[in-house]
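Asks: how does the following fold in three dimensions:
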Amino acid sequence: MTTFTAVENISRRDVLKLFGAAGGGLALGATGLAWSPMALAQDKLAMMNMFIAIGEDNKVYLTCHRSEMGQGIRTGIPQVLADELEADWDNIVVVQGLADKRYGSQNTDGSRSIRKHYTRMRQMGAMARTMLEMAAAERWQVALTEVYSKANKVHHKGSNKSLSFGELALDAAKQKVPEIESLTLKPASEFTHIGQSKTIVDMQAMLDGKAIYGYDIKLDGMVYASISRPPVLGSDVASLDDTEARKVAGVIDVIQLPVPKGAPLFHALGGVAVIATNTWSAMQGRKALKVTWTASVNDSHDTDKYMAELVVNVQKPGKVMRQLGDSVQDWPEKSTLNAVYTVPYLTHAMMEPPVATAHVTSEGCELWSSTQTPQSTQQNVAGALGIAEDKVKVNVTLLGGGFGRKSKPDFSVEAAIISKRLNKPVKVSWTREDEIQHGYYHAISAQFYQARFDGNNKVDAFLARTGFPSISSTFAEGVDMPSAGELDLGFSDVPLALPHIQLEAVKATAHTRIGWMRSVCNIQHAFGIGSFVDELAVKANKSCIQMWRDILGASRKETFSNQGFEYGNYGEELAAHPVDVGRYHHLLDIMEDKLAKLPKAAKNQGWGFAIHRSFVSYVAVATLVEVIDGKLRVLKTIAAIDAGLVVNPDRVKSQTEGAVIFGLSLAMMGEITFKEGKVEQSNFHDYLLLRLPQCPDIEVILVPSNANPAGVGEPGVPPVAPSLTNAIYAATGKRYRDLPLNRDLSL
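Replies: Numbering: from 1, shown residues only. As a prediction, this is how the structure comes out:
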């Protein structure tokens, strides 16, 4: 039996297969990847609800319905469930949930796993606890008020009697399921797991190589596919000579895949697949293909020309998306500041490229996928195969990173299509080159900012424009304007308290697949506003922190009423997650106090600052750099995050540290370029990531908060880039408005 930090990991499939998913009247068909001999010793399992099952051996099986990609959600969800259940952490077994609509949303993106499911998971835990207490009260013939749960047991208040969860499980599963409204949730003062730093449950398996990722899947009779995809979006195979490819040892077939028409959606890109008995042979066979491609409307796409057009367009009037006060026409040169900021195409560059294994039979399709979106995978695979969704079973492996790329299931669709053609299980493995050259890219963008100072050195008018190809273009043809939801990400929703505000968007046509990446449009928008506020501070001879105080105004709950738009707030009700300017000010105070206690920057050094709200969390970042003879060194980064109530502080700290590294990678060296419609980069030698010697000392400050749990995975990224470029200005007096920085500075 293998244990991982006192928490065992066995598969849902084998637990439920062995025990027939019996108990509580709920049957859950499921498939897993590995199982523990521990399961063989148990003969009955009681299902309390979709998320909780209890064995007679007192083990508590907690289902995580979200995808684990290193963020620790297979620990966080069980922490919440276990706390309300009063389960002993040492008795917990984590089970990975399949694609199943009964779970609600399983889309592990948008920093939603805890903030969207925190209350629901507490309710599921409280429901099972109440049913256990009902069973104990019934057995002892006492009132329900006379029993309580603690440490995997139900106790009687009037005596020393107690019964373990295992002893009560089968009877508890027969109890009437309590109404949600009748459940009593614990006060925060009684939490035993929530708020505690727990090592992620998969850590030991990750360290000793036993963890199962998408690339680890092996099935009897499985073959391997490597796909040559169209180099330009919209092109197709014009001619194919596969003679040499078929001569490669291990190659067993070459098949042509259709290129879909219309919007890209989550369709397979098409191209030519080489099938072999192993991955290496498939890849070598693919290299031996001789393929020519048809022309595409995107053949002329050139990032240099496209960016130049964007820069021009954002300096012209656009469509007004938010307005407060008058449309200002008077912009005196002496009292006006304006600037344009640009961010290139970016890609996810997670450590594990996309991979999926599919087995299509007459009965349906079974998938093993490193997916962030099991239900979307199920839906899109079913659509591609022309079968019902319930005929597609999606097993979720561990993900070697995701950052949003693996929430697009095109790679799973590829595996399913090929498996159907070959009538055998197929693994489709993307190479690093595939991932960089055929992904869903973070949009190229330009922004224009303009502000006017009044006679009291206060900003009284603010104009901003943003332009970038929209994610919506991936789902519908003809889209050339950003959606309201994209503008809500760090552009429309900055709660400025100024007399005159006008925010506009301009048209931009997509020439590749545009998708969400970690922090989405907050990446460019935070860089723009975060840089511009620092420029305003310099012009006004104030600190950046003071300028933020001035333009944010008094503490309040901003609703953006009567400003021409309805704020989406990341899908959250403003009542539950208000845009709280007071929380901005609290972070400003914390960071100002922190920086005041540090030594002043030395010669050739400078501190930069930025603050941003995204995914209903608030993050402030201060960065110290040194620039000597054009060489940039990032020395220290301090990130303070207010994410409301925190379930696992260690994970929040780790996610924020990772966000700093991710943000620095993007700002310093992240860039995808297109020439003649093709991506020029191919691997980590030309799409660079931060190396260890380039990584600064990182300090994370978790701000205590009683607010509702907010997002964590993404909010740390957006303020990193502006804090960095603001620091470079402080060190050198030179302003960098175009990313990445390695165009102008050596790293």
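
Asks: which parts of the stretch 601-747 of the chain are helices?
Replies: Secondary structure of the stretch 601-747 of the chain (DSSP state H, counting those that start in this stretch): helices at 649-669, 720-732.

Asks: contact partners for N298?
Replies: Neighbour list for N298: V232, L233, G234, S235, H511, T512, G677 [criterion: C-beta atoms under 8 Å, 6 or more residues apart in numbering]. (C-beta placed from N, C-alpha, C; glycine too.)

Asks: pretty sure the fourth one contacts V297?
Replies: No. The pair S235 and V297 fails to qualify as a contact (C-beta atoms under 8 Å) at a distance of 9.4 Å.

Asks: which one of these two is surrounded by more residues?
Replies: A direct count of neighbours by other C-beta atoms under 10 Å for S235 and V297 places S235 higher, at 23 against 12.

Asks: got phi/psi on the more buried one?
Replies: phi -80, psi 160 (degrees, to the nearest 10).

Asks: ditto for A136
Replies: phi -70, psi -40.

Asks: give me the distance between it and L144.
Replies: 9 Å (C-beta to C-beta, to the nearest Å).

Asks: ranges for the helices of the stretch 251-400 of the chain?
Replies: Counting by DSSP H, counting those that start in this stretch, the stretch 251-400 of the chain has helices at residues 279-287, 303-313, 374-385.

Asks: got the buried residues for the second one?
Replies: Put plainly, it is helix 303-313. Using 16 or more other C-beta atoms under 10 Å as the test for burial, helix 303-313 gives T303, Y306, M307, L310, V311, N313.

Asks: for P482, see how far away the first one is.
Replies: Separation of T303 from P482 (C-beta to C-beta) stands at 18 Å.

Asks: do G528 as well
Replies: 14 Å.

Asks: need the overlap of contacts for those two.
Replies: T466.

Asks: sec struct for the spatially most central residue of the chain, please.
Replies: In the chain, the centroid-proximal residue (C-alpha atoms, centre = their mean) is D109; its distance is 4.0 Å. Under DSSP: H, G, I helix; E, B strand; the rest coil, the three-state class of D109 is coil.

Asks: what pLDDT is listed against it?
Replies: If you check D109, the pLDDT there is 95.

Asks: swap in G158?
Replies: Here the pLDDT value assigned to G158 is 86.

Asks: how about Y736: what's its closest non-neighbour residue?
Replies: Spatially, and ignoring its direct neighbours in sequence, Y736 is nearest to T725 (4.8 Å; C-beta to C-beta, 6 or more residues apart in numbering).

Asks: show me what contacts the one you found?
Replies: So T725 contacts F527, S531, G608, A667, R735, Y736, R737, L741 (C-beta under 8 Å, 6+ apart).

Asks: got it, and V272?
Replies: I227, S228, V237, L240, D242, V254, I255, Q256, L257, R286, L289, V291.

Asks: which of the residues you listed are buried?
Replies: Buried, going by 16+ other C-beta under 10 Å: I227, S228, V237, L240, D242, V254, L257, R286, L289, V291, out of the contacts of V272.

Asks: dump the helices of the stretch 601-747 of the chain to JSON lines, plus distance to T192 and mean pLDDT.
Replies: Shown next, in JSON lines, are the helices of the stretch 601-747 of the chain (distance: least, C-beta to C-beta, whole Å; pLDDT from 0 to 100):
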{"stretch": "helix 649-669", "distance to T192": "15", "mean pLDDT": "98"}
{"stretch": "helix 720-732", "distance to T192": "35", "mean pLDDT": "98"}
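
Asks: V720 contacts G663, doesn't it?
Replies: Yes. Counting by C-beta under 8 Å, G663 is a contact partner of V720 at 2.7 Å.

Asks: which residues of the stretch 451-600 of the chain score low on pLDDT?
Replies: Residues of the stretch 451-600 of the chain meeting the criterion pLDDT under 70: none.

Asks: for it, which segments are assigned as helices?
Replies: 484-487, 522-540, 544-552, 581-596.

Asks: and stretch 298-316, how far out from the chain middle?
Replies: 28 Å (C-alpha atoms, centre = their mean, to the nearest Å).

Asks: ditto for stretch 286-296
Replies: The answer for stretch 286-296 is 34 Å, by C-alpha atoms, centre = their mean.

Asks: any idea of the mean pLDDT for that stretch?
Replies: 98.

Asks: repeat for stretch 328-340
Replies: pLDDT averaged over stretch 328-340 gives 97.

Asks: quick one on the thing from earlier: of all the helices of the stretch 451-600 of the chain, which lies closest to M121?
Replies: helix 581-596 (24.6 Å; C-beta to C-beta).

Asks: burial count for I698?
Replies: Using other C-beta under 10 Å, I698 has 19 neighbouring residues.

Asks: likewise for G401?
Replies: 18.

Asks: and for N160?
Replies: So N160, with other C-beta under 10 Å, has 6 neighbours.

Asks: host element of M121?
Replies: Per DSSP states H and E, M121 falls inside helix 113-140.

Asks: for that helix, buried residues please.
Replies: 113-118, 121-138, 140.

Asks: for stretch 255-272, which residues meet the burial criterion?
Replies: Applying 16+ other C-beta under 10 Å to stretch 255-272 flags L257, V259, P260, A263, P264, F266, H267, A268, L269, G270, G271, V272 as buried.

Asks: end to end on it, go ahead and measure it.
Replies: 6 Å (C-alpha to C-alpha, to the nearest Å).

Asks: please consider this matter closed, and thank you.
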